[in-house]
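Trainee: Need the 3D shape of this:
(one chain, ligands or ions: 1)
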Amino acid sequence: MTEEKSIMDYETVALDDTEHALVIIDQTKLPGRTELLHLKTQKEIWVAINTLAVRGAPAIGDAAAIGIYLAAREIETDDYEEFLRRFREAKAYLDSSRPTAVNLSWALNRMEQVVLQAKGKPLAEIKQMLHDEAVKIKDEDIWICSKIGEYGLTLVKKGDGLLTHCNAGQLATAKYGTATAPMYLGHQKGYGFHVFCDETRPQLQGARLTSYELSASGLDVTLICDNMASSVMKNGWVQAVFVGCDRVAANGDAANKIGTSGVAILAKYYGIPFYVCAPTSTIDFATPTGAGIKIEQRPPEEVTEMWYKERMAPKGIKVYNPAFDVTDHSLITAIVTEYGIARAPYDVSLQEIRRKCGR
Ligand SMILES: CSC[C@H]1O[C@H](OP(=O)(O)O)[C@H](O)[C@@H]1O
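Mentor: Numbers count the residues shown, from 1 in each chain. The predicted structure follows:
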């Protein structure tokens, strides 16, 4: 009898060089079913990102890098300018799949730089370079998350209660996650954390994904409704909050899943440190403050019926369903990156991180 594979044994995002496909776990089916999707066309990849079959800022960037490589290898021309034109068409298409997570455009721009800097080389060689860069982006993601885990672990102690919102876990990255990286590393080192996962309405990433992957890894996890975060904090069960992010502005304002700013306000009220775990690729130095971050609006069905057996609201009810909110930098205790921990004032400390990472 084959042993049931853990969700942690699957790669969130992978490139299959045999069938030239982007292979992802279909996260819309989790936790009930583990189904892999083998995506070959740009439309399939666009739909997978847009419907959150693959989701999470770093994982979206990893998937887009593989996706644009797959598009490039299909471009049949000997003319560099024609190749670049059609590459940019595919890039713009993939970039239109979701607006908030900066990793999508960051990864696509990085892949475009490969093409621009390789002008003059044979197109076959450029395609191979794109393949290698896509693999490198994904491998770097793993290193980045491991470093965030190391820095994040310095902020907590054995036996701490931790709270997280949405899924900034292994399922949102190539491995380890960002907000969950300190949790996984601490678990390996016997820290004995107790993790509270906000269910995170309406898409339930916390219930369906975070509680699933953390418990599959043996961590002590309690799933709570979003409206229970105050109670667990008030009871003294939470010593730190770790969340991911989709885009951090130059002043430290951080866009993350809707509801995050509310958790930050609660943490501030209860005197609990609130940590945003941010790969430097998620820091958008071209956007001065959170007011400049585009917030994705998603379908009302995600609120009214998508995840519930019974209809949760009257037909036709007007719904406001922003997928993210912006946590003001004043509510953020520190921003944990792979190049160290940035503390307020963020318009200064993020520039120091920028210097370290050479951006
Ligand atoms: C590691 S950052 C993951 C980040 O992305 C999630 O959004 P979505 O599930 O809509 O892709 C959420 O904001 C997480 O914090």
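
Trainee: what residues does the stretch 151-300 of the chain put near the ligand?
Mentor: 166, 168, 172-173, 178, 205, 243-246, 256-257 (CB under 6 Å from any ligand atom). Glycine gets a C-beta too; all of them are placed from N, C-alpha and C.

Trainee: most neighbours, which of those?
Mentor: For those, the largest number of neighbours (other CB atoms under 10 Å) sits with residue 168, at 34 neighbours.

Trainee: Identify the residue spatially nearest to it, adjacent ones excluded.
Mentor: Nearest residue to residue 168, sequence neighbours excluded (CB to CB, 6 or more residues apart in numbering): residue 244, at 2.4 Å.

Trainee: for residue 270, same thing?
Mentor: Excluding the flanking residues, the one nearest residue 270 by CB to CB, 6+ apart is residue 233, at 4.3 Å.

Trainee: pLDDT score assigned to the one you found?
Mentor: Note on residue 233: pLDDT of 94.

Trainee: State the helix or strand in which it lies.
Mentor: In the assignment (DSSP states H and E), residue 233 maps to helix 229-234.

Trainee: and what of residue 223?
Mentor: strand 220-224.

Trainee: quick one: strands adjacent to that strand?
Mentor: strand 194-198 (parallel) (DSSP bridges).

Trainee: Let me know the average pLDDT across the strand it pairs with.
Mentor: For strand 194-198, the per-residue pLDDT averages 95.

Trainee: Outside of it itself, list whatever touches it.
Mentor: 159-166, 183, 206-207, 210-211, 214, 219-226, 229, 232, 237-238, 259, 263 (CB atoms under 8 Å, 6 or more residues apart in numbering).

Trainee: same deal with stretch 293-313?
Mentor: With CB under 8 Å, 6+ apart, stretch 293-313 has contacts from 98-100, 201-204, 208, 247, 249, 253, 255, 284, 287, 317, 319, 321-326.

Trainee: which residues sit in contact with the closest residue to the ligand within the stretch 201-350 of the chain?
Mentor: Closest residue of the stretch 201-350 of the chain to the ligand, CB to the nearest ligand atom: residue 244 (3.0 Å). By CB under 8 Å, 6+ apart, residue 244 lies in contact with 56-57, 166-168, 172, 177-179, 256-257, 276-278.

Trainee: Could you export these as CSV, including distance to residue 106?
Mentor: Shown next, in CSV, are those (distance: CB to CB, whole Å):
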residue, distance to residue 106
56, 14
57, 9
166, 20
167, 20
168, 17
172, 15
177, 18
178, 15
179, 19
256, 16
257, 19
276, 17
277, 16
278, 12
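
Trainee: re earlier: are any of the contacts of stretch 293-313 buried, and which?
Mentor: The neighbour-count criterion (16 or more other CB atoms under 10 Å) marks 98-100, 201-204, 208, 247, 249, 253, 255, 284, 287, 321, 323-326 among the contacts of stretch 293-313 as buried.

Trainee: Can you tell me how far the residue of the stretch 201-350 of the chain closest to the ligand is from residue 310?
Mentor: 31 Å (CB to CB, to the nearest Å).

Trainee: returning to what we had before: what is the distance between the helix or strand following the helix holding residue 233 and the centre of its chain?
Mentor: Next along the chain after helix 229-234, taking DSSP H and E as the criterion, comes strand 240-243. From the chain centre to the centre of strand 240-243 is a distance of 15 Å (CA atoms, centre = their mean, to the nearest Å).

Trainee: Strand partners (parallel or antiparallel) of the helix or strand following strand 240-243?
Mentor: The first helix or strand that comes after strand 240-243 along the chain, using DSSP H and E, is strand 247-249. Strand 247-249 has the following strand partners under DSSP bridges: strand 254-257 (antiparallel), strand 283-284 (parallel).

Trainee: Next, format those strands as JSON lines and append mean pLDDT.
Mentor: As requested, these are exported to JSON lines (pLDDT from 0 to 100):
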{"stretch": "strand 254-257", "mean pLDDT": "98"}
{"stretch": "strand 283-284", "mean pLDDT": "96"}
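
Trainee: Distance from the chain centre to the helix or strand bottoming out on mean pLDDT in the chain, please.
Mentor: Scoring the helices and strands of the chain by mean pLDDT, DSSP states H and E places strand 324-327 at the bottom, with a mean of 85. Mean C-alpha position of strand 324-327 versus that of the full chain (CA atoms, centre = their mean) differs by 14 Å.

Trainee: Check which residues of the helix or strand following that strand are buried.
Mentor: Per DSSP H and E, the first helix or strand lying C-terminal to strand 324-327 is strand 334-337. Buried residues in strand 334-337, counted by 16+ other CB under 10 Å: 334-337.
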